[in-house]
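**Student:** Return a 3D structure for these sequence lines:
(chains A and B)
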Number of protein chains: 2
Amino acid sequence: MIDLLIEKIQEKANPTVVGLDPRLSYVPEYIKNEVYEELGKTPAAAAEAFYRYNVALIDAIHEIVPAIKPQVAMYEQFGGAGIDAYIKTIKYAKEKGLVIIGDIKRGDISSTAEAYADGHIGRVDVEGEKFEIYHEDSITINPYLGYDSVHPFIKHCQEYNRGLFVLVKTSNPNSGQIQNLDVAGKMVYEIMGEMVAEWGQQVMGTKGYSQIGAVVGATYPEEATKLRKIMPNTYFLVPGYGAQGGTAEDLKGCFNQDGLGAIINSSRGIIAAHLKEENKMKFSEKEFALAARKAALAMKKDLQRVIG
Amino acid sequence: MIDLLIEKIQEKANPTVVGLDPRLSYVPEYIKNEVYEELGKTPAAAAEAFYRYNVALIDAIHEIVPAIKPQVAMYEQFGGAGIDAYIKTIKYAKEKGLVIIGDIKRGDISSTAEAYADGHIGRVDVEGEKFEIYHEDSITINPYLGYDSVHPFIKHCQEYNRGLFVLVKTSNPNSGQIQNLDVAGKMVYEIMGEMVAEWGQQVMGTKGYSQIGAVVGATYPEEATKLRKIMPNTYFLVPGYGAQGGTAEDLKGCFNQDGLGAIINSSRGIIAAHLKEENKMKFSEKEFALAARKAALAMKKDLQRVIG
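**Tutor:** Purely as a prediction, here's the structure:
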């Protein structure tokens, strides 16, 4: 996975991942009316509206960005139909050549982690027949339970050439409550970073980076810079740029000298670009995907200032 | 939720929650053959087999135990059909008067946590109409991201009378890697415990316990005893009894003087009781639910030695 991700980043000269975190308020009326007519104003219709919205977005951005990161919560909230829309979105994006980072943040004891790993980045077994269910290339996971909760995912990375991004220092305001606790002069996130770097040595790709990456928030540039040194072979998945307040300037510490080492997420800033005040007179409702495309191009340019 | 849970625990005189973590290897052949005939050997059939297996188990145990804890990973691995089987299981168990603890261990930044909270313990909104999707009475959550990731769940506990169990000290072998880091003489799990106790004051029930409980593993009796003192008004959800190695003796420190304060989970030990060597000659395949019932009664007796 990590080799493929790096190839795609280089091919597009763009270290951006687009977060597909739809909300009904983002979806244009004409799409919603279409699905409500077919399915009523139901949770299943909401899920289908997300899928159609995603398809248009993917069509508009797949030549510009290397990867998407669907946030499973947005789909899961609508039950089984929501999960099916999540999976359909992933399959469609893969057909378009995009790398998939499933933002699922799972984490559980090992026997349970195995079930998550089978479904998301492996195969489930029904009477000896193997089925791929979620089709993600990589997923985010939560390490609060320690190594034995992560190990089943690592095994699947080896077996199926998949990847992980382990939460290390998250972008949200209160992330420091646990992550910045001081353990004899080292912060919890630094200890976590050391562990992730060590685990990553088991599953190195061919381009100097491990299949096991880390989530490191753009909103904490100082921490990111420290982590970059602790984890030289670890790819960073960086949320927090744009809507959450992180700027291109804040991202410098996330990259290595080679301009690699980080992929920057933007969700709202791209997928809801048509709702920005300054865009309302520029794009009609039906041009929402074009607005997203323009926003993705602007972000690419913004990032090139940093890594250029 | 916590008042209802305590009522049910007292009514049944039994602080047990049965973990509904099905595996295909647990499900009797006659159920599997039934669904394979209808749906083929598919992930959807596996999910339906889980549901039918659960229905028989719920019928057999609902008069003995107050609550069930379905582990969503086991269902989620089969995609949308799996999630639908999870939801159907919950609805059936609620009809039978059981309290539901959804073992989902979610945790994300606040805007995402809201979507999880809406779906699992609140309502989702489709054009002004509100839908309840998952029907859990309470869920487990992961606090590695800090308070702002927990707050949306707490708001929903207030609005919809729901509950949480926050991971504090988990039962697995490597849980200490993060949770037992020493922060100036206090362990991370103790700091977490203090935070959970404080958050819990916002949503107290009428029986001395908060809607916000904690996950505390039976496999760490020393830590549990410390946490009991740190969190006097916090209900403990205790995994690790039985298959994971925790004994009734280990549970003493989880309970308060009043015999309340903890609910003990058993999964395999009850739902796969028919597969135990000593049971193979006692129960036919069709009597798997009877074996579960007997195991639940034995567990009740075992726990009464501790709290009696």
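
**Student:** Quick one: the helices in the stretch 101-250 of chain A, in order.
**Tutor:** Using DSSP state H, counting those that start in this stretch, the helices of the stretch 101-250 of chain A run over A:110-121, A:147-160, A:176-179, A:188-200, A:221-230.

**Student:** The residue nearest the centre of chain A: what secondary structure?
**Tutor:** In chain A, the residue lying closest to the centroid (C-alpha atoms, centre = their mean) is A:K69, at 3.3 Å. Here A:K69 is strand, with the state taken from DSSP: H, G, I helix; E, B strand; the rest coil.

**Student:** okay, the closest residue in space to it that isn't next to it in sequence: pLDDT?
**Tutor:** Sequence neighbours aside, A:I101 is the residue nearest to A:K69 in space, at 4.3 Å (criterion: C-beta to C-beta, 6 or more residues apart in numbering or on different chains). In this view, the C-beta of every residue, glycine as well, is placed from N, C-alpha and C. If you check A:I101, the pLDDT there is 98.

**Student:** and if you look at A:A248?
**Tutor:** Listed pLDDT for A:A248 reads 85.

**Student:** Next up, the contacts around it.
**Tutor:** By C-beta atoms under 8 Å, 6 or more residues apart in numbering or on different chains, the contact set of A:A248 is A:241, A:302-303, A:305-306.

**Student:** cutoff 10 Å now
**Tutor:** Contacts for A:A248 were tallied using C-beta atoms under 10 Å, 6 or more residues apart in numbering or on different chains; they are A:218, A:241-242, A:264, A:299, A:301-307.

**Student:** export the residues you listed to JSON lines and tack on secondary structure?
**Tutor:** What follows is the contacts of A:A248, written out as JSON lines (three-state DSSP):
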{"residue": "A:A218", "secondary structure": "coil"}
{"residue": "A:Y241", "secondary structure": "strand"}
{"residue": "A:G242", "secondary structure": "coil"}
{"residue": "A:I264", "secondary structure": "strand"}
{"residue": "A:M299", "secondary structure": "helix"}
{"residue": "A:K301", "secondary structure": "helix"}
{"residue": "A:D302", "secondary structure": "helix"}
{"residue": "A:L303", "secondary structure": "helix"}
{"residue": "A:Q304", "secondary structure": "helix"}
{"residue": "A:R305", "secondary structure": "helix"}
{"residue": "A:V306", "secondary structure": "helix"}
{"residue": "A:I307", "secondary structure": "helix"}
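
**Student:** List buried residues within the residues you listed.
**Tutor:** A:218, A:241-242, A:264, A:299, A:302-303, A:306-307 (16 or more other C-beta atoms under 10 Å in any protein chain shown).

**Student:** Give me the neighbour count for the residue nearest to A:K69.
**Tutor:** Using other C-beta atoms under 10 Å in any protein chain shown, the number of residues around A:I101 comes to 27.

**Student:** Next: A:D108.
**Tutor:** Neighbourhood size, A:D108 [other C-beta under 10 Å]: 26.

**Student:** Excluding chain neighbours, give the residue nearest to it in space.
**Tutor:** Here the nearest residue to A:D108 in space, its sequence neighbours aside, is B:K105; by C-beta to C-beta, 6+ apart that works out to 5.5 Å.

**Student:** Check A:A60 too.
**Tutor:** A:A289 is the one closest to A:A60 (C-beta to C-beta, 6+ apart), at 3.7 Å.

**Student:** Tell me the gap between the host helix or strand of the one you found and the middle of its chain.
**Tutor:** Taking DSSP states H and E as the criterion, A:A289 maps to helix A:288-307. Here the centre of helix A:288-307 is set off from its chain's centre by 17 Å, with C-alpha atoms, centre = their mean, to the nearest Å.

**Student:** Output that helix as PDB, restricted to C-alpha atoms.
**Tutor:** In PDB, the C-alpha atoms belonging to helix A:288-307 read as follows (Å, rounded to 0.1, in the frame of the first residue of the first chain):
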ATOM      1  CA  PHE A 288     -20.600  21.600  -6.800                       C
ATOM      2  CA  ALA A 289     -18.100  19.000  -8.000                       C
ATOM      3  CA  LEU A 290     -16.400  21.700 -10.200                       C
ATOM      4  CA  ALA A 291     -16.100  23.800  -7.100                       C
ATOM      5  CA  ALA A 292     -14.400  20.900  -5.300                       C
ATOM      6  CA  ARG A 293     -12.000  20.400  -8.200                       C
ATOM      7  CA  LYS A 294     -11.000  24.100  -8.100                       C
ATOM      8  CA  ALA A 295     -10.500  23.800  -4.300                       C
ATOM      9  CA  ALA A 296      -8.400  20.700  -4.800                       C
ATOM     10  CA  LEU A 297      -6.200  22.500  -7.300                       C
ATOM     11  CA  ALA A 298      -5.800  25.500  -5.000                       C
ATOM     12  CA  MET A 299      -4.800  23.200  -2.100                       C
ATOM     13  CA  LYS A 300      -2.200  21.500  -4.400                       C
ATOM     14  CA  LYS A 301      -0.700  24.900  -5.200                       C
ATOM     15  CA  ASP A 302      -0.800  25.900  -1.500                       C
ATOM     16  CA  LEU A 303       1.100  22.600  -0.500                       C
ATOM     17  CA  GLN A 304       3.700  23.100  -3.300                       C
ATOM     18  CA  ARG A 305       4.800  26.300  -1.500                       C
ATOM     19  CA  VAL A 306       5.700  24.000   1.400                       C
ATOM     20  CA  ILE A 307       7.400  21.100  -0.300                       C
END
